[in-house]
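Enquirer: Okay, predicted coordinates and the sequence, questions at the end:
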Amino acid sequence: MTSVYLDVAVESIQAYLSRTTDLKGRRGASAWLSDLTDRDELRQRLQENSDGWAAGVSVNDEAGEADGVVPLKLTPGCSPQDVAEAVFAQLRGKLPALRMTATWATADTYIAAHRRMPDRGDDPAAGNDAGHLDSLPAPGDFPLLVSCEQCRADPRVTHRDLHERKQVPMCADCAGRYEDRYRQPGLHTGAVPVNAESRLLKALGLTPKNVVETFADLAEIPGPSRKHNHLATVFADGNAMGALFRDVLATGDDELKRRVSKEVSQATRDALVAATRAAIAVDQQPQRMPVIPHVVGGDDLLVSVTADRAWPFVRGYLTAFGERMQRIADEAELPRPSASAGMVFAHHTFPFRRCVELAEQALRHAKQAHHGQTAAVSWLDITRDGEQRPPGRAAWTLPELTDRADWLTDLAEMEQSAKAALERLAGGGGDGSEQVRRARIANQASRLQLDGLRSASDLLDASGGPDRLVDALSLVRWWQ
């Protein structure tokens, strides 16, 4: 039997969550999105409106769970436009600055409908039974109004007491982040885990007492590094997932079609747990969780991690995601999907919104560099590199990181003066070919007599050449 499948999704959810500068505001928005898109909450709201816009509407249980996505299933005859408008109104009633989009299509299964939804997959055809609808927030048409002190994006319309700050001017969206779901106990403590964070705590056997209150607290979690003021923003996404869904659809296996979306979503959640365990295991057991998940849904992941635990986290995540997806693919005799990641290291005071933007750029670089064919990582160290990726910076694959782990550890343990000399010698600076740079290192290594430089030729061979050695010297700043 055919049905109309309707997805209402928050656009650019990563950027939206980062509108406010503090962790508490991010948690508040995430809490609302979790409630508004929770399957049980959705069923309750549909029941409450069963005589109105929700008549003939049910939750689409064929879809995987994703933050900020409302998956619905409509009986023939229901107007997807009217239902979408009703959902838009409910979401914007709590968080006015949301940008949303609705897409729908008619088919026998969600996988088949998903391919026919406009701007989804490779099939551009969309008849009368498929379409999309966008919903934008109200524009700020009067620039003379005082700006919200939290986001500086919208005008002030109200005030809220926030910790020791009294009557803070806020826009409607920021005010919504600090009320209702965040009542007075939350405002007083500031450390209230929500949605994905709560699930992660439960999976690890931890409690809300193990979460941090601010990004500064997260950066200060003790670890192997002596620098306790940096964080890593990690943005991960599956590779070639569109091809996977096309292959699933081609099998004609209805049961596999229903399962695959849920299993991809579960693979992301399971990999997050495995990666967090890897981050915790780096050094002494931390008293507080060194990972804060911001977005976990489908094959997307956005987290903040204590800087000196970020590389174990990323390697653990990409490995675990690949292993879990391999089980799904092997069962159906499909190609094995993987995931790639973008990482941004920065001081904890660096704007989170900008970290998210740069992490997304790094993720795009990792995918493009290897055409989405293998798990890869691209990174940017803002303190060291600035906000532009250095020319020639490669995206390293997971096999490269795994095979060279011991070598990278040896490189990380070199004296800082030796690493600085290596970087100077390996860097081209426009005045030498690769052969010249290799010869320069070999000729000067013994004369400089710095620890580690006697094996510079070995380092070059292990890294893959001077350019890769320069990459490695950046990579090992936070390597564990």
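Expert: Thanks, I have the structure now.
Enquirer: State the number of residues packed around residue 387.
Expert: Residue 387: 13 surrounding residues under other CB atoms under 10 Å. Using the backbone N, CA and C atoms, a C-beta is placed for each residue, glycine as well.
Enquirer: before we move on, what about the one 3 residues further on?
Expert: The burial metric for residue 390, expressed as a neighbour count using other CB under 10 Å, is 14.
Enquirer: dump the residue contacts of the nearest residue to residue 73 once chain neighbours are set aside.
Expert: Nearest residue to residue 73 in three dimensions, chain neighbours excluded: residue 60, at 4.3 Å (CB to CB, 6 or more residues apart in numbering). Shown here is residue 60, whose contacts under the criterion CB atoms under 8 Å, 6 or more residues apart in numbering are 5-7, 71-73, 110.
Enquirer: Could you look up the next helix or strand downstream of the helix or strand of the chain with the lowest mean pLDDT?
Expert: When the helices and strands of the chain are scored by mean pLDDT, DSSP states H and E, helix 184-189 comes last with a mean of 42. Beyond helix 184-189 in the direction of the C-terminus, DSSP states H and E gives the next helix or strand as helix 195-204.
Enquirer: Check which residues of that next one are buried.
Expert: Buried residues in helix 195-204, counted by 16 or more other CB atoms under 10 Å: 195-201.
Enquirer: Show me what it packs onto, helices and strands only.
Expert: Counting contacts by 3 or more CB pairs under 8 Å, 6 or more residues apart in numbering; DSSP states H and E, helix 195-204 is packed against helix 23-37, helix 254-280, strand 291-297.
Enquirer: what's the distance between that helix and the middle of its chain?
Expert: If you compare the mean C-alpha spot of helix 195-204 with that of the full chain, they lie 16 Å apart, counting by CA atoms, centre = their mean, to the nearest Å.
Enquirer: Quick one: mean pLDDT for it?
Expert: Per-residue pLDDT values over helix 195-204 give a mean of 87.
Enquirer: Next, the angle strand 291-297 makes with that helix.
Expert: 120 degrees (axes from the mean of the first three to the mean of the last three CA atoms, to 10 degrees).
Enquirer: just the angle between helix 195-204 and helix 23-37, please?
Expert: Here helix 195-204 runs at an angle of 90 degrees relative to helix 23-37 (the same axes, to 10 degrees).
Enquirer: In a helix, residue 401, correct?
Expert: Yes - judged by DSSP: H, G, I helix; E, B strand; the rest coil, residue 401 forms part of a helix.
Enquirer: how close does it get to residue 375?
Expert: As defined by CB to CB, to the nearest Å, residue 401 lies at a distance of 9 Å from residue 375.
Enquirer: does the nearest residue to residue 381 once chain neighbours are set aside count as helix, strand or coil?
Expert: Distance criterion CB to CB, 6+ apart; nearest residue to residue 381, sequence neighbours excluded, is residue 345 at 4.5 Å. With three-state DSSP as the basis, the three-state label of residue 345 is strand.
Enquirer: residues in contact with residue 345?
Expert: 230-232, 307, 310, 379-384, 477-478.
Enquirer: same thing but 10 Å
Expert: Counting by CB atoms under 10 Å, 6 or more residues apart in numbering, residue 345 touches 230-233, 305, 307-308, 310, 355, 379-385, 474, 477-478.
Enquirer: which of those are buried?
Expert: With neighbours counted by 16+ other CB under 10 Å, the contacts of residue 345 contain buried members at 230-233, 305, 307-308, 310, 355, 379-382, 474, 477-478.
Enquirer: So which of those residues sit within helices?
Expert: Counting by DSSP state H, the buried ones among the contacts of residue 345 place 310, 355, 382, 474 in helices.
Enquirer: just curious, which of those is nearest to residue 414?
Expert: For residue 414, the closest of those turns out to be residue 474, at 13.7 Å, with distances computed as CB to CB.
Enquirer: Got the confidence number for the closest one?
Expert: Turning to residue 474, the model gives it a pLDDT of 88.
Enquirer: What of residue 454?
Expert: The confidence metric pLDDT takes the value 45 at residue 454.
Enquirer: any idea how far residue 13 is from residue 200?
Expert: Remark: distance between residue 13 and residue 200 (CB to CB) = 18 Å.
Enquirer: In helices, which of the contacts of residue 60 appear?
Expert: Among the contacts of residue 60, the members falling in helices (DSSP H) are residue 110.
Enquirer: Can you pull out the low-pLDDT segments for this protein?
Expert: Counting by pLDDT under 70, the low-confidence segments of the chain come to 119-128, 140-143, 163-164, 180-194, 254, 332, 427-432, 434, 440-465.
Enquirer: quick one, strands of it?
Expert: For the chain, the strands defined by DSSP state E occupy 3-10, 57-59, 69-74, 100-107, 130-135, 158-162, 165-170, 230-239, 291-297, 300-306, 338-347, 376-381, 396-397.
Enquirer: Ok, which of these comes nearest residue 34?
Expert: The closest of these to residue 34 is strand 291-297. By CB to CB, the value is 10.2 Å.
Enquirer: Kindly calculate the angle that the closest one makes with helix 254-280.
Expert: Using the same axes, to 10 degrees, strand 291-297 lies at 170 degrees relative to helix 254-280.
Enquirer: check contacts around the nearest residue to residue 476 once chain neighbours are set aside.
Expert: With CB to CB, 6+ apart as the criterion, residue 476 has its nearest non-adjacent residue at 3.9 Å, and that residue is residue 412. Residue 412 sits next to 224, 311, 419, 472-473, 475-480 when contact means CB under 10 Å, 6+ apart.
Enquirer: Just the buried residues of those.
Expert: When burial is judged by neighbour count using 16+ other CB under 10 Å, the buried members of the contacts of residue 412 are 311, 419, 472-473, 475-480.
Enquirer: Out of the helices and strands packed on helix 195-204, which is closest to residue 90?
Expert: Once those are compared by CB to CB, helix 23-37 is nearest, at 7.0 Å.
Enquirer: circling back: output the strands of the chain as JSON lines; include the columns distance to residue 207.
Expert: What follows is these, written out as JSON lines (distance: least, CB to CB, whole Å):
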{"stretch": "strand 3-10", "distance to residue 207": "29"}
{"stretch": "strand 57-59", "distance to residue 207": "30"}
{"stretch": "strand 69-74", "distance to residue 207": "29"}
{"stretch": "strand 100-107", "distance to residue 207": "34"}
{"stretch": "strand 130-135", "distance to residue 207": "38"}
{"stretch": "strand 158-162", "distance to residue 207": "25"}
{"stretch": "strand 165-170", "distance to residue 207": "28"}
{"stretch": "strand 230-239", "distance to residue 207": "23"}
{"stretch": "strand 291-297", "distance to residue 207": "15"}
{"stretch": "strand 300-306", "distance to residue 207": "19"}
{"stretch": "strand 338-347", "distance to residue 207": "28"}
{"stretch": "strand 376-381", "distance to residue 207": "32"}
{"stretch": "strand 396-397", "distance to residue 207": "36"}
